[in-house]
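Visitor: Any chance you can model this:
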Amino acid sequence: MGDARVGLVIEDDHDIRELVRVVLTQAGFDVIATSTGAEGVLAAKNSDPAVITLDLGLPDIDGFEVARQIRQFSDAYIVMLTARAEELDTLIGLESGADDYLTKPFRPRELRARVAAMMRRPRSTAELANGAAAPSGAANNAKSYRHNGLDLSYDSRTVAVDGNELSLTRTEFDLLYALLEAGRMVRTKADLVRRLRDEPYDVGSYISEADERSVEVHMGNLRKKLGDSAQNPRWLQTVRGVGYRLAPEQR
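Guide: Sure, this is the predicted structure:
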């Protein structure tokens, strides 16, 4: 596929599959479309997509399990498309490894905007080396942080705790980086949503309750991977009713 970005559509509804294919094609992707979960997992292995849209209601494997399987070998951005509006389904989807979600019916313009925001965030060390922009507020592409036994390198997109490297999704990495960068300054949930959209913190764009809830879920997943405690945090301190900040340095 050369240098072209690959987009993978996993969707059993023909009309929606074709709609998403058109949206991603117009956004500059070489698009592969599949109609079952098994085909989608295989296509993800073979094509190394940059972004995946994933239907939850697939005929063979549900979307949650497809996301879990893909996350074992891929760091592609995953946007879940679901006809289910229940919060529990959204939370399970994000916990399965999805980066974002849209509820059907959705506007093609909204899907394209979400994908565009994701693609502004660097996917790998190779993208950084090729000149991908650092997140808003980063002074350069080679920042590293050390705090209470945690080491984060923005340049290599790696995180280690007490010398043991962790496997984070790109969304988890970007949230952790945002808090390390802010130090003891509190970042509201809305701030962090905008960070994931690659928008300035004070841009004033609309942030829904569902957007803020998704940040809570990603932060919960991040805490689990770090082995952090919400009650006695080593790194991630919750400021109740506001957002999050970095826990104090331990002496």
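Visitor: Next up, phi/psi of the nearest residue to D55 once chain neighbours are set aside, please.
Guide: For D55, the nearest residue in space outside its immediate sequence neighbours is E11; the separation is 4.4 Å by CB to CB, 6 or more residues apart in numbering. Yep, even glycine has a C-beta here, placed from its N, CA and C like the rest. The phi/psi pair for E11 (degrees, to the nearest 10) reads phi -160, psi 130.
Visitor: Packing partners of the helix or strand containing M80?
Guide: Per DSSP states H and E, M80 falls inside strand 77-82. The criterion is 3 or more CB pairs under 8 Å, 6 or more residues apart in numbering; DSSP states H and E, and the helices and strands that strand 77-82 contacts are strand 51-55, helix 63-71, helix 87-95, strand 100-103, helix 108-119.
Visitor: how about those in JSON lines, adding mean neighbour count?
Guide: Written out in JSON lines, the entries for these read as follows (neighbours: other CB atoms under 10 Å):
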{"stretch": "strand 51-55", "mean neighbour count": "27"}
{"stretch": "helix 63-71", "mean neighbour count": "21"}
{"stretch": "helix 87-95", "mean neighbour count": "18"}
{"stretch": "strand 100-103", "mean neighbour count": "19"}
{"stretch": "helix 108-119", "mean neighbour count": "16"}
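Visitor: Mean pLDDT lowest where, among those?
Guide: Looking at the helices and strands packed on strand 77-82, the lowest mean pLDDT belongs to helix 87-95 (a mean of 70).
Visitor: Check what pLDDT the closest residue to R120 other than its chain neighbours gets.
Guide: Counting by CB to CB, 6+ apart, R120 lies nearest to D198, which is 4.2 Å off, once chain neighbours are set aside. The predicted local confidence for D198 comes out at a pLDDT of 76.
Visitor: Give me the distance between D198 and L152.
Guide: In this structure, D198 lies at 19 Å from L152, with CB to CB, to the nearest Å as the measure.
Visitor: What is the neighbour count of the residue nearest to D55?
Guide: Neighbour count of E11, defined by other CB atoms under 10 Å: 24.
Visitor: What of L166?
Guide: Other residues near L166 come to 17 when the count uses other CB under 10 Å.
Visitor: Give the closest residue to it in space, chain neighbours not counted.
Guide: Once chain neighbours are set aside, the closest to L166 by CB to CB, 6+ apart is V159, at 4.9 Å.
Visitor: Check A38 too.
Guide: Sequence neighbours aside, D60 is the residue nearest to A38 in space, at 5.6 Å (criterion: CB to CB, 6+ apart).
Visitor: residues in contact with that neighbour?
Guide: By CB atoms under 8 Å, 6 or more residues apart in numbering, D60 lies in contact with 36-38.
Visitor: Which helix or strand contains A33?
Guide: For A33, the host element (DSSP H and E) is strand 29-34.
Visitor: Show me where the stretch 151-251 of the chain dips below the pLDDT cut-off.
Guide: Under the criterion of pLDDT under 70, the regions of the stretch 151-251 of the chain flagged as low confidence span 203-204.
Visitor: can you give me the helices for this protein?
Guide: Using DSSP state H, the helices of the chain run over 14-26, 37-47, 63-71, 87-95, 108-119, 125-129, 170-182, 189-196, 209-226.
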